[in-house]
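here you go, sequence then predicted model.
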Amino acid sequence: MDTLEDKNEPARRRAAVRQEIREVVKLATPVVIVQVGMMAMGVVDTMMLGRVSEHALAAGALGHVMSFGMMVFGMGFLMALDPLISQAFGADDQVRLGRHLQRGLVVAVILSAVLSVVMWDLRWLMHALGQDASIIDDTAAYIRAAVPGVVAFLLFTVLRQTLQAMSQTRQALVAIVVANAVNVVANYSLIFGHWGAPKMGVVGSGLATSLSRWTMALLIAWAGWPILGRYLKDLRRAIFHPTTYGPLVRLGIPIGFQVSLEMWLFTAVALLMGNLGARELAAHQIALNLAALSFMVPLGIAGAAATRVGNAIGRGDADGTRRSAGVCLGLGAGVMTFSAVIFAVFPTALARLYTSEMPVVMLAATLLPIAAVFQVVDGLQVVGAGVLRGAADTRIPAIIAFVGYWLLGLPVAYVFGIHLGYGPRGLWWGLTLGLAATAMLFLARIRVTLRGELSRYA
């Protein structure tokens, strides 16, 4: 006969799932707001430069894409702190947590120095990519003005990932809200020459970006010091010994490549779209911007997934690990299915929010139903990546991303969009196919990883 305990087991499982949903939503919501806030900085730069001239707008937009494209590897590398710190926190291993944080800060400074040297003059790369020669010098000047903010951005990333892995998100939220206000004021002052500042145009926008990133870094350090201070006071020579960086490097390099592969996939498709014409590129940017806005939600859930899965592994809770993974994947798919319905039902209305040029509106409206499918698989792949990152599984996912994005998605996009002449829709179907393949392979990898023995990485 079944015992009373056996009969109550389904109810306990349902209660545990409901509690996990509440915890994920509580953690993911501020992460989403932070991601939107970081995106908003680029939007403000674009909007203000657009009031200067079309030339300034183009130079600033290209400068933002190029500079962030360079920094994204460093940001991805430092996301290796997600599993290292979340697992240490789950295991209540305070000593190891502190060592991971300290090494993360050292790596952030080293990566910043390398990236700053590379970014100081990217004119050669812009020429190689066939960009408009008339904006290259101003774009390079924007990037140089943004270079002082590189170290601040990567230090902010270390502190944000550390706090997030400990389920502390309020500090990053405060930092991003204030930094956005600083960015608006600094852009207005330095671009147009208000309040006694020189009129610097594109360069002023780059300097405003650096200033806002330092604001982010300093504020999160100040707000997070009551929590992080005890891990930073006890500095030891061992953190400068190269052999102690093995776990961070082994996890960080694959994540850095994976994030970069995705970033440059979209850049490559934008370049292909530009070859089709200005109208096609404008329609593509509308569809992509809408998709990027809704993508912030599963991106936040992915951050929560890395934390919750890592915490559960750290405390040796296999059932909790699988429950966290399932809840996060379900939430990501659910949110993006809702977005997909909106995209499919209201494509023209959404496109008209961006422009009154009807040829562009109508072309964008043909892309948004494809973006609806794109939304669901994109949400699944990013949350799947977060789950695997929390389990410290990064090498195989990086290989999967390379295959899905660059060996499948981009070639199919080129064949359908350029070679067969399907234009923007062909490029978008190629993107969608690449992301769908990546999502399915991530789900298969999660099944294999979580079915096996789960143990702390380091």
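Okay, I see it.

going forward, measure contacts and count neighbours with C-alpha atoms only.
Will do.

which stretch of helix or strand covers the most centrally placed residue in the chain?
Nearest to the mean C-alpha position of the chain, by CA atoms, centre = their mean, lies Leu299 at 6.7 Å. Using DSSP states H and E, Leu299 maps to helix 278-314.

cool, and Ala197?
Going by DSSP H and E, Ala197 is not in any helix or strand.

that one: neighbouring residues, count only.
Neighbour count for Ala197, taken as other CA atoms under 10 Å: 14.

what about the stretch 101-250 of the chain, any weak spots by pLDDT?
Along the stretch 101-250 of the chain, the parts satisfying pLDDT under 70 run over 132, 236-238.

tell me who's in contact with Ile301.
The neighbours of Ile301, taking CA atoms under 8 Å, 6 or more residues apart in numbering as the test, are 24-25, 28, 31-32, 328, 331-332, 383.

nearest to Gln131 among the residues you listed?
Val32 (32.9 Å; CA to CA).

could you pull out the buried residues of the helix holding Leu299?
Buried residues in helix 278-314, counting neighbours by 16 or more other CA atoms under 10 Å, are found at 279-288, 290-291, 294-314.

turn the contacts of Ile301 into TSV, columns for pLDDT.
Converted to TSV, the contacts of Ile301 look like this (pLDDT from 0 to 100):
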residue	pLDDT
Val24	83
Val25	85
Ala28	84
Val31	85
Val32	85
Cys328	91
Leu331	90
Gly332	89
Val383	92
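
which ones among those map onto helices?
Counted as lying in helices by DSSP state H, out of the contacts of Ile301, are 24-25, 28, 31-32, 328, 331-332, 383.

could you dump those to CSV with neighbour count?
Below are those laid out as CSV (neighbours: other CA atoms under 10 Å):
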residue, neighbour count
Val24, 24
Val25, 16
Ala28, 26
Val31, 27
Val32, 23
Cys328, 31
Leu331, 20
Gly332, 27
Val383, 31
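
out of those, which comes closest to Lys233?
Val31 (27.3 Å).

quick one: residues contacting the closest one.
Counting by CA under 8 Å, 6+ apart, Val31 has contacts 169, 173, 300-301, 303-304.

and those residues, which two are furthest apart?
Leu173 and Ile301 (15.5 Å).

which stretches in the stretch 351-458 of the chain count as helices?
For the stretch 351-458 of the chain, the helices defined by DSSP state H, counting those that start in this stretch cover 358-390, 395-402, 410-414, 423-451.

gap between the longest one and the chain center?
Shown here is helix 358-390, whose average C-alpha point lies 15 Å from the average C-alpha point of the whole chain (CA atoms, centre = their mean, to the nearest Å).

could you do the last one as well?
The offset between the C-alpha centroid of helix 423-451 and the centroid of the whole chain comes to 17 Å, using CA atoms, centre = their mean.

same deal with the shortest one?
With CA atoms, centre = their mean as the basis, the distance from the averaged C-alpha position of helix 410-414 to the chain average is 23 Å.

with stretch 32-52 instead?
15 Å.

in that stretch, what counts as buried?
Quick answer for stretch 32-52 (16+ other CA under 10 Å): 32-38, 40-42, 44-46, 48-50.

and those, which is closest to Ser212?
Once CA to CA is applied, the member of the buried residues of stretch 32-52 that ends up nearest Ser212 is Met41, at 8.6 Å.

after the helix or strand hosting that closest one, which helix or strand is next? Please name it.
Assigned by DSSP H and E, Met41 belongs to helix 4-50. The helix or strand immediately downstream of helix 4-50 is helix 54-78, counting by DSSP H and E.

how about Ala391, nearest residue that isn't a chain neighbour?
Nearest residue to Ala391, sequence neighbours excluded (CA to CA, 6 or more residues apart in numbering): Gly310, at 5.8 Å.

hang on, isn't the one you found packed against Asp393?
No: using CA atoms under 8 Å, Gly310 makes no contact with Asp393, being 10.9 Å away.

look up how far Val44 lies from Gly201.
14 Å (CA to CA, to the nearest Å).

how about residues contacting stretch 375-383?
291, 295, 298-299, 301-303, 305, 328-329, 332-333, 336-337, 339-340, 432, 435-436, 438-440, 442.

who are the contact partners of His194?
Tyr188.

angle of the strand or helix carrying Pro254 against helix 423-451?
Assigned by DSSP H and E, Pro254 belongs to helix 246-276. Helix 246-276 and helix 423-451 are oriented at 160 degrees to each other (axes from the mean of the first three to the mean of the last three CA atoms, to 10 degrees).

just the buried residues of helix 246-276, please?
Under the neighbour-count criterion of 16+ other CA under 10 Å, helix 246-276 has 247-248, 251-265, 269-270, 272-274, 276 buried.

check stretch 200-220 too.
Those would be 200-220, for stretch 200-220 by 16+ other CA under 10 Å.

same question, stretch 347-357
347-348, 350-352, 354.

state the mean pLDDT of that stretch.
What stretch 347-357 shows for mean pLDDT is 80.

before we move on, the earlier item: quick check, nearest of the contacts of Ile301 to Val184?
Val32 (20.4 Å).

quick one, what contacts the closest one?
296-297, 299-301.

hang on, the earlier thing: so who does the residue nearest to the centre of the chain touch?
Counting by CA under 8 Å, 6+ apart, Leu299 has contacts 32, 35, 379, 382-383.

how near is it to Val150?
With the distance defined as CA to CA, Leu299 ends up 22 Å from Val150.

and what of Gly384?
With CA to CA as the criterion, Gly384 and Val150 are 28 Å apart.

surely Thr169 meets Thr162?
No: counting by CA under 8 Å, Thr169 does not reach Thr162; the two are 9.8 Å apart.

of these two, who's got more company?
Thr162 (30 against 23).

which residue sits closest to Leu329, ignoring its sequence neighbours?
Val383 (6.0 Å).

so how far is Ala372 from that neighbour?
Taking CA to CA, one finds Val383 at 17 Å from Ala372.

ok, Val341 next?
7 Å.

what's near enough to touch Pro254?
77, 394-395, 398.

confidence-wise, which of the residues you listed comes last?
Thr394 (88).

hmm, that one is touching Ile255, no?
Yes: in this structure, Thr394 is within contact of Ile255 by CA under 8 Å, at 6.1 Å.

return the residues in contact with Val36.
293, 296.
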